[in-house]
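>>> take a look and give me a structure for this.
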Amino acid sequence: MKKMFALPLGMLLLCMMMIGNAFADKPKNQQILPPADATQADSTATADFQEMPVLDLRSPIDFMNDETAGASSIAVDPPGAVLNVVSVPNFSGSFVFNGTTFPFTIMGNDPSQGHKTNIPAKIVSVDVQLLNADGTVFANVPVAPFENLTLNSPNFRRAHYTVGNVQFGDAVQRAEFFNHMKDNWHTNLSPVKIVEHVTVPVPFTVTVRIRGVNTPVRTWFTRTSTDGNTVVFMLQQFFNAQFSNISVNAINAGDWTTDAMNVQLWPNTFLFTPSATPLVTRGPCCVLGFHTLFRDPTVTPQPRWIVAYASWISPGTFTNTEVIDVTPISHEILESFNDPFLNNATPRWQFPVGTSCQRNLETGDPVEVLPHPSFPVTLKIRQPGDDGGDADDDGGDDGDGGQRFTFHPQTEALIQWFTQTSPSDAFRGAFSYPDITALPTPAKPCP
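You can find the predicted model right below:
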């Protein structure tokens, strides 16, 4: 069943069609930020954008030796719904810009039909073991200190927003489709569960192919955050290989499923590329997270797993102190919601800061470059085993005086920002949410 909606601004057409299948193959721009020690000699931090390809379950990429691995060789599905694909629940719509229609696909169900969609969140927690050159252990960097905080974060617990007492992702989606949804429309990540724990040993050096030459490269560097946690800067090629292996193992073991939001959670682990002196200094840094999908082209209907990597961020890690704790995971979850199959094209748009441009519906990217990208949300922290109900229970005050924590999920650009038209028909005429002042006007076209 299809439904067509003409918005008051006459630009955004929502042709909502619920399908149990999904589609797409477009690389995703990764978050990159300078670390707090950017003035030190070992940092060549730059504000750049790199790509993680769509990944084939049966034909893994050799990230250590394939210098073209940053761009997917898999054909990109055209925008719009594609049948014979099994993945998360989703609906389709479109908007028009300068006479061109831009289809999009969003995670969840048709807002005009209402009701709640629960999408399981399945997390693989990753410990990091850093090795010296002689193979002895330099440091163990556990993710355990951040697991319960992540599970209690606004990504998986309800909090109070101007659109309701809801999860963070649901709040952004409700703001986006506020004038097209029934009041009982929700997209929740529930239940949430840590399905596996793994440890990744990280050698002191590895050999990667650089400009056709096998080159020894330092694999990791460290510093200490202001709360005493170890911060790891890891070679991106090595990380990508581990990310791929962990993901494939989780899929083959049945820990990750096609109907879920599947996540790798790492402890203060950020990615860099090789420098001109790769055994001495690290190169451009730092990737905080990305989202992509795995697919199995040998099966029909084709299964596709929605996957993200995100790191917890301890205080003092980055120069922008608002980029902290769950900023990366909120960024990647919301982008997975709004571009789950990585084929949502948009008119070329310019970043609010600088002159870089993109042409995709990556809703976190326009805000991550702003001085104030995050939106503080304070919740009460339940301890493991507490009788607090399911993961999306309200984290507000119930009178017991429990521990509270202020999280920093990232404000997101709404679809209305990407249409490059005004006024917006989103909640209160917003172009971003929850901080509606972050993007007060729609995107500017790329020169």
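
>>> how close does residue 140 sit to residue 185?
44 Å (CB to CB, to the nearest Å). Using the backbone N, CA and C atoms, a C-beta is placed for each residue, glycine as well.

>>> pick out the residue nearest the middle of the protein.
Nearest to the centroid of the C-alpha atoms of the chain, with distances taken as CA atoms, centre = their mean, sits residue 332, at 1.1 Å.

>>> from the contact counts, what lies against the helix or strand containing it?
Using DSSP states H and E, residue 332 sits in helix 327-338. On a contact count with 3 or more CB pairs under 8 Å, 6 or more residues apart in numbering; DSSP states H and E, helix 327-338 meets strand 100-107, helix 168-176, strand 261-267, strand 282-295, strand 302-312, strand 412-413.

>>> pick the most buried one from these.
A comparison of the helices and strands packed on helix 327-338 by mean neighbour count, using mean count of other CB atoms under 10 Å, puts strand 412-413 on top with a mean of 32.

>>> pLDDT of the helix or strand that comes right after that strand, averaged?
Downstream of strand 412-413, the first helix or strand assigned by DSSP H and E is helix 415-418. Averaging pLDDT along helix 415-418 yields 97.

>>> contacting residues around helix 415-418?
12, 95, 104, 176, 338, 346-347, 349, 361, 363, 366, 424-426, 430-432, 439, 442-443 (CB atoms under 8 Å, 6 or more residues apart in numbering).

>>> sort out for me which of these are in strands.
12, 95, 104, 346-347, 349, 432 (DSSP state E).

>>> which of these sits closest to residue 378?
residue 432 (20.7 Å; CB to CB).

>>> and the closest one, how many neighbours?
When counting by other CB atoms under 10 Å, one arrives at 26 neighbours for residue 432.

>>> residue contacts, residue 306?
22, 87-88, 107, 260-262, 291, 293, 336, 340.

>>> distance of it from residue 362?
From residue 306 across to residue 362, the span is 15 Å (CB to CB).

>>> so the nearest residue to residue 205 once chain neighbours are set aside, which of the three states?
Of all residues not flanking residue 205 in the chain, residue 216 sits nearest, at 5.2 Å (CB to CB, 6 or more residues apart in numbering). Here residue 216 takes the strand state, with states given by DSSP: H, G, I helix; E, B strand; the rest coil.

>>> wouldn't residue 216 be in contact with residue 207 here?
Yes: counting by CB atoms under 8 Å, residue 207 is a contact partner of residue 216 at 5.5 Å.

>>> show me the shaky parts of the stretch 1-150 of the chain.
Scanning the stretch 1-150 of the chain for pLDDT under 70 picks out 1-51, 67-82.

>>> what segments of it are strands?
Per DSSP state E, counting those that start in this stretch, the stretch 1-150 of the chain carries strands over the ranges 12-13, 28-29, 31-32, 51-52, 55-56, 85-86, 90-97, 100-107, 116-131, 137-141.

>>> tell me the most buried of these?
strand 31-32 (a mean of 25).

>>> picking up where we left off before, now distance to residue 245 too, for the ones in strands among the contacts of helix 415-418, in JSON lines please.
Converted to JSON lines, the ones in strands among the contacts of helix 415-418 look like this (distance: CB to CB, whole Å):
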{"residue": "12", "distance to residue 245": "41"}
{"residue": "95", "distance to residue 245": "39"}
{"residue": "104", "distance to residue 245": "32"}
{"residue": "346", "distance to residue 245": "33"}
{"residue": "347", "distance to residue 245": "38"}
{"residue": "349", "distance to residue 245": "35"}
{"residue": "432", "distance to residue 245": "36"}
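
>>> between the residues you listed, which is nearest residue 266?
Distances from residue 266 to those, taken by CB to CB, are shortest for residue 432, at 27.2 Å.

>>> wait, that closest one sits on residue 424?
No: using CB under 8 Å, residue 432 is not in contact with residue 424; the gap is 9.7 Å.

>>> who touches both of the two?
With contacts taken as CB under 8 Å, 6+ apart, residue 432 and residue 424 have 414, 417 as neighbours in common.

>>> can you name the residues bridging to residue 311?
Note on residue 311: beta-bridge partners by DSSP bridges are residue 266.

>>> list the helices and strands the longest helix along the chain packs on?
Counting by DSSP state H, the longest helix found in the chain is helix 236-252. If you count contacts as 3+ CB pairs under 8 Å, 6+ apart, helix 236-252 packs onto strand 116-131, strand 186-202, strand 205-210, strand 261-267, strand 269-274, strand 282-295, strand 302-312.

>>> I'd like to know which of the ones you listed is closest to residue 355.
Across those, closest to residue 355 is strand 282-295 (CB to CB), at 18.3 Å.

>>> hey, C-alpha coordinates of that closest one in CSV?
Backbone C-alpha positions of strand 282-295 (Å, rounded to 0.1, in the frame of the first residue of the first chain) are rendered in CSV as follows:
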residue,chain,number,x,y,z
ARG,A,282,50.4,8.7,13.7
GLY,A,283,48.8,10.3,10.7
PRO,A,284,45.5,12.1,10.3
CYS,A,285,43.1,11.4,13.1
CYS,A,286,40.4,10.7,14.4
VAL,A,287,37.5,8.5,13.2
LEU,A,288,34.9,8.1,16.0
GLY,A,289,32.4,5.8,14.3
PHE,A,290,30.7,4.7,11.1
HIS,A,291,27.7,2.8,10.0
THR,A,292,27.5,0.3,7.1
LEU,A,293,25.8,-2.9,6.2
PHE,A,294,26.8,-6.5,5.5
ARG,A,295,25.0,-8.5,2.8
